[in-house]
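Chemist: okay, sequence plus prediction incoming.
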Amino acid sequence: MVSQEQRRRQLAREKFLRQQQRRTSARRKSRMRNSVIASVLGVVVIGSIALYTTGVLKNDDGKKTNASADVTPSATPPSKAPDPCQKPAAGSIKKQSWKKEPAMTIDTSAKYAMKLATTCGDIDIALKTSAAPHTVNSFDFLAGKGFFDHTKCHRLTTNGIYVLQCGDPTGAGSGGPGYTIPDENLKDTSLKGNKYPAGTVAMANTGQKHTGGSQFFLVFKDSPLPPSYTPFGTIDAAGLKVLNKIAAAGENTGAGDGAPNATVVINKATVAKS
C-alpha cells in the first residue's frame with residue numbers, strides 16, 4: 001500500500017507538472033500573440049511609408065477634410081546652403097506711388113550707370129541710355145526717390161532661365177510705382193536667337209506690351225527668352241560674381257523657381273551720369 005507520505009509527494013509532483021504545463025502553454029500563446037502583433041504592425045508601418053512616399057496622404061486641395069489631414073506629414077523642405085549675404089542695413093521701404101511716368105529729365109546722349117548696393121555685394125550696371133531712354137529716366141527718378149532702398153530681390157530662377165528678379169517694394173511680385181513705361185530696345189543686337197545673355201538687365205512685365213513698372217531682372221547665365229523684355233543695362237564682371245554667389249545658395253522651393261535662400265536686399269540704389 002502507498003503510504004500517506006508517498007501519496008502526498010505524488011500529489012505534489014502532479015501539481016508541479018500541471019503548473020509547468022500551464023506556464024509552457026501560456027508562454028506559447030504569448031509568443032504567438034506577439035508574433036501576430038508584430039506582423040500587423042509591420043504591415044501598417046510598411047503601408048504608411050508607401051502611402052507617404054507616393055503622396056497619397058497629401059491633401060491636394062489644401063483643405064482639412066478630417067482629423068488625419070491635420071497631422072499628415074508634409075514633404076521634407078530642401079536643405080539650405082549657408083546664407084552668403086550680410087544682414088540688411090537699417091531702414092524701411094518707402095511706400096510711394098505716382099499716377100504717371102515721370103517727365104524726361106536725363107540727358108539721353110550721355111552715359112549713365114546704376115549701382116545696386118546689396119547685402120550680397122555691389123552690382124554695377126552700365127545703362128543703355130540712348131536705346132532705352134524712358135526706362136533709364138524712370139530708374140533715375142525712382143532711385144532718386146529712394147524707391148528701391150531696403151527692397152528684397154524676391155525671385156530666383158535657376159531652371160530653364162537664370163535670373164534674379166528685383167524692384168518690387170512689396171516683395172511679393174505684384175508691386176510697382178503706380179505707372180507703366182513703354183517697351184524699348186527689343187531689337188538690341190545682344191538678343192540673338194531669342195536669348196538674353198549673361199550680364200543683361202531687363203524689365204519684367206505682365207506679359208502684355210508696355211506694362212513695365214519698377215521690377216527688373218538680372219541675368220546671370222544665358223537664358224532663352226523671347227525679345228519681349230526691355231534690355232536696358234549690362235552688369236560688370238564683379239556684379240556677375242555676386243549674382244553667381246546668390247544663385248549658388250539656391251531658392252526655397254528646390255524646383256528652380258522661388259525666393260532666393262540668400263538674403264538679397266538692395267540697401268541703396270543710385271543712378272548717376274558716368
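Modeler: Yep, that arrived. Numbers count the residues shown, from 1 in each chain.
Chemist: contacts, neighbours, all on C-alpha from now
Modeler: Fine.
Chemist: which residues does residue 200 contact?
Modeler: Residue 200 makes contact with 218, 219, 220, 231, 232, 233, 234, 235, according to C-alpha atoms under 8 Å, 6 or more residues apart in numbering.
Chemist: swap the cut-off to 6 Å and go again
Modeler: For residue 200, the contact set (C-alpha atoms under 6 Å, 6 or more residues apart in numbering) comprises 219, 234.
Chemist: for it, give the beta-bridge partners.
Modeler: Going by DSSP bridges, residue 200 is paired in beta bridges with residue 234.
Chemist: would you mind giving me the confidence score for it?
Modeler: Residue 200 carries a pLDDT score of 98 in this model.
Chemist: how much space between it and residue 250?
Modeler: Residue 200 is 20 Å from residue 250, where distance means C-alpha to C-alpha, to the nearest Å.
Chemist: got the residue ranges for the strands in this protein?
Modeler: For the chain, the strands defined by DSSP state E cover 112-118, 121-127, 151-152, 155-157, 163-166, 195-196, 200-203, 216-219, 223-224, 231-235, 257-258, 265-273.
Chemist: in its sheet, what does the fifth one sit against?
Modeler: To tie it back to what came earlier, the one meant is strand 163-166. In the sheet, strand 163-166 lines up with strand 155-157 (antiparallel), strand 216-219 (antiparallel) (DSSP bridges).
Chemist: for it, give me every contacting residue.
Modeler: The contact list for strand 163-166 (C-alpha under 6 Å, 6+ apart) reads 153, 155, 156, 157, 215, 216, 217, 218, 219, 220.
Chemist: repeat that with 8 Å
Modeler: Residues outside strand 163-166 that contact it (C-alpha under 8 Å, 6+ apart): 151-157, 215-221, 223, 243.
Chemist: what's the most distant pair in the residues you listed?
Modeler: Pairwise distances across these peak at 24.6 Å for 151 and 223 (criterion: C-alpha to C-alpha).
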